[in-house]
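Colleague: Sequence unavailable; structure follows:
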Ligand code: 9MR
C-alpha cells in the first residue's frame, strides 16, 4: 500500500493505551464470565464462525483442540465458516450433498449446548457456486424455468431440513454489487429473474425452517465509497417488504477496521451519522439486526502490539456500543476467535508482511484487549 502512513498520533496512541489500561484494570470477577454468558444476560447471542478444514481454502481451526476449548468456553452459538456454502455442499455435482464437515461442527455445538446458525443458503454471486453449475443444462422453454426453480428449492429445502436446530439462516448473502447497488446476476437470476430468485429463496427457507430468523447478509459499511452499497441494500430490503418476502433481519457482517489508517481515528465521525441513518432505515422497516462476521482489520496500524491492539479494541468498542444500542441487534458473531485462522491473514497483506491481529485471541490462545472490548460492550448493552 503505497499511501501507507502511521495511523496514530502520539497523543492518540497514548489515549488509546490509556483506554486499554483502563480496560485491563477492570477487577477480575470471582469466576471468569464468558462472552456467551454476558450476551445471554442481555437477551442476545454471542458466538463465532469456525472452519472444519482442511479442504482447499477452508480454514482448519476446528481441528485445533485449544481452539475448540475457546469456542466451547466463550460461544453460545457457532456458525460454519464455509461448510454450508454451495461450493462445499454441492462440490461433487448436481445430485450430491456433502454434509460431513458441517455435521461435525453441528455435533460439537450440540455436545457443548451451543446454538447453531447457518451461512449461507444462497451466496447470490457468480463466483461462489460450484464450477459445474456454469455448464449445467437447465433445458429450454418452460422446463428451463421449472428446472432452475426445482434446483434452488431442493437445495434450500434439503439443507434447512438437515439442520432444523438453526436459530437463524443467512438465506441470501452479498447479492448487492457495491459498485452500483444493483443486484448481481447469477445462473439462477438469469433464468428466474433477480427478485424472483431472491424471493423464492426466502419463501423456501421459511417453509423449510419455520423457526429460524431469516437474514439478508451483506458487508456494506459506513465508510466513504459505500454509499451505493448501502443504498442498494436499503432498496432491496424495501422491495422485500413491498412484496411480502419473509425476511426477518439484516445481517451486518461487520468486517470493520480497514486497509487505510484514517478509519481508526475513532468510530463514526463524520461517517457515524451516515451509518445511523442507514441502520435507522433498516430497523424502521421492521428488520432485526445481526452482527454476523465481526473482526477488525488492522492492516493500517503500526506493528507494535500494545498500541495496535489498543486501537483495534477502542475502535471496536465504539462500533459495538452503537450497534448494541439498537435493541434489534439479536446476535453477535465473531468471524473466528484466534488470529492465525482469520481469513484476513491471506488477503491485503500488511506493508510489513507481518501477521494481522484481527480477532479476540492471539496465536498463543490468550485473550487480547479486543476480547475485553467485546465484553465491555456486552456489559454496557441494554437488555432486549
Ligand atoms: O472466511 C471465509 C474464507 O475462509 C473463504 O475462503 C471465503 C470464500 O468462501 O469466505 C470467507 O467468508 C466470507 C463470508 O462467507 C461472507 N462474507 C465475507 C467473508 C470473508 O470473505
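Modeller: Perfect, thanks for sending it. On a predicted model such as this, the values are computed, not experimentally measured, just so you know.

Colleague: ok, residue 251 to residue 379 distance?
Modeller: Distance of residue 251 to residue 379, given as CB to CB, to the nearest Å: 24 Å. Every C-beta, even on glycine, is put in place using the N, C-alpha and C of the backbone.

Colleague: And for residue 131?
Modeller: 47 Å.

Colleague: Which one of those two is surrounded by more residues?
Modeller: Applying other CB atoms under 10 Å to residue 131 and residue 379 shows that residue 379 carries more neighbours, namely 12 against 9.

Colleague: doesn't residue 38 make contact with that one?
Modeller: Yes. Contact between residue 379 and residue 38 holds when scored by CB atoms under 8 Å: they sit 6.0 Å apart.

Colleague: quick one, strands of the stretch 101-250 of the chain?
Modeller: For the stretch 101-250 of the chain, the strands defined by DSSP state E, counting those that start in this stretch cover 115-123, 166-173, 213-218, 249-252.

Colleague: So which bits of the chain are right by the ligand?
Modeller: With CB under 6 Å from any ligand atom as the criterion, the chain meets the ligand at residues 57, 59, 81-82, 85, 173, 219, 253, 293, 343.

Colleague: Only the buried subset of those residues, as a PyMOL command please.
Modeller: To isolate the buried ones among the residues of the chain next to the ligand in PyMOL, judged by 16 or more other CB atoms under 10 Å, type:
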select buried, resi 59+81+82+85+173+219+253+293+343
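
Colleague: Looking at residue 272 now. What's its pLDDT?
Modeller: Confidence at residue 272, expressed as pLDDT, is 88.

Colleague: need the next SSE after the helix or strand harbouring it, C-terminal direction.
Modeller: Using DSSP states H and E, residue 272 falls within helix 271-284. Counting by DSSP H and E, the next helix or strand C-terminal to helix 271-284 is strand 288-297.

Colleague: That next one versus strand 213-218: what angle between them?
Modeller: Per axes from the mean of the first three to the mean of the last three CA atoms, to 10 degrees, the angle that strand 288-297 makes with strand 213-218 is 40 degrees.

Colleague: what separates the helix or strand following strand 288-297 from the chain centre, distance-wise?
Modeller: Remark: after strand 288-297, the chain's next helix or strand is helix 305-325, criterion DSSP H and E. Put simply, helix 305-325 sits 17 Å off its chain's centre (CA atoms, centre = their mean, to the nearest Å).

Colleague: Keep only those of the residues of the chain next to the ligand that are in strands.
Modeller: For the residues of the chain next to the ligand, membership in strands holds for 173, 293, with DSSP state E as the criterion.

Colleague: Name the residues linked to the residue nearest to residue 332 when sequence neighbours are not counted by a beta bridge.
Modeller: Excluding the flanking residues, the one nearest residue 332 by CB to CB, 6 or more residues apart in numbering is residue 291, at 4.5 Å. With DSSP bridges as the criterion, residue 291 is bridged to residue 252, residue 332.

Colleague: So residue 291 is in contact with residue 329, correct?
Modeller: Yes. Here residue 291 reaches residue 329: they are 6.6 Å apart, a contact under CB under 8 Å.

Colleague: so what sits against both of those two?
Modeller: Residues touching both residue 291 and residue 329 (CB atoms under 8 Å, 6 or more residues apart in numbering) are residue 323.

Colleague: For the ligand, see how far away residue 139 is.
Modeller: As defined by CB to the nearest ligand atom, to the nearest Å, residue 139 lies at a distance of 29 Å from the ligand.

Colleague: okay but that residue is in contact with residue 147, surely?
Modeller: Yes. Contact criterion CB under 8 Å: residue 139 and residue 147 qualify, at 5.4 Å.

Colleague: out of these two, which sits in the more crowded spot?
Modeller: When residue 139 and residue 147 are compared for neighbours, residue 147 comes out ahead with 16 against 13, by other CB under 10 Å.

Colleague: From the ligand, how far out is that one?
Modeller: Distance, residue 147 to the ligand, using CB to the nearest ligand atom: 26 Å.

Colleague: do residue 164 as well
Modeller: According to CB to the nearest ligand atom, residue 164 stands 22 Å off from the ligand.

Colleague: Where does pLDDT dip in the protein?
Modeller: Along the chain, segments meeting pLDDT under 70 span 1-32, 54-58, 258-270.

Colleague: Nearest to the spatial middle of it, which residue is it?
Modeller: In the chain, the C-alpha nearest the mean C-alpha coordinate belongs to residue 293, at 2.2 Å (CA atoms, centre = their mean).

Colleague: can you pull the contacts of that residue?
Modeller: Residue 293 touches 49, 219, 251, 253-255, 333, 335, counting by CB under 8 Å, 6+ apart.

Colleague: isn't residue 292 right up against residue 252?
Modeller: Yes. With contact defined as CB under 8 Å, residue 292 reaches residue 252; the gap is 6.8 Å.

Colleague: Please say which of the two ends up with more neighbours.
Modeller: When neighbours are counted by other CB under 10 Å, residue 292 and residue 252 differ, and residue 292 comes out ahead with 29 against 26.

Colleague: residues in contact with the residue nearest to that one when sequence neighbours are not counted?
Modeller: Among residues not flanking residue 292 along the chain, residue 251 sits closest, at 4.0 Å (CB to CB, 6+ apart). Residues near residue 251 by CB under 8 Å, 6+ apart: 170, 173, 215-218, 290, 292-293.

Colleague: what's the answer for residue 245, then?
Modeller: By CB under 8 Å, 6+ apart, the residues touching residue 245 are 198-199, 202-203, 239.

Colleague: ranking these by neighbours, who comes first?
Modeller: When neighbours are counted by other CB under 10 Å, residue 198 leads these with 26 neighbours.

Colleague: how close does that one get to the ligand?
Modeller: Distance check for residue 198 against the ligand: by CB to the nearest ligand atom, it reads 17 Å.

Colleague: All set now, cheers.
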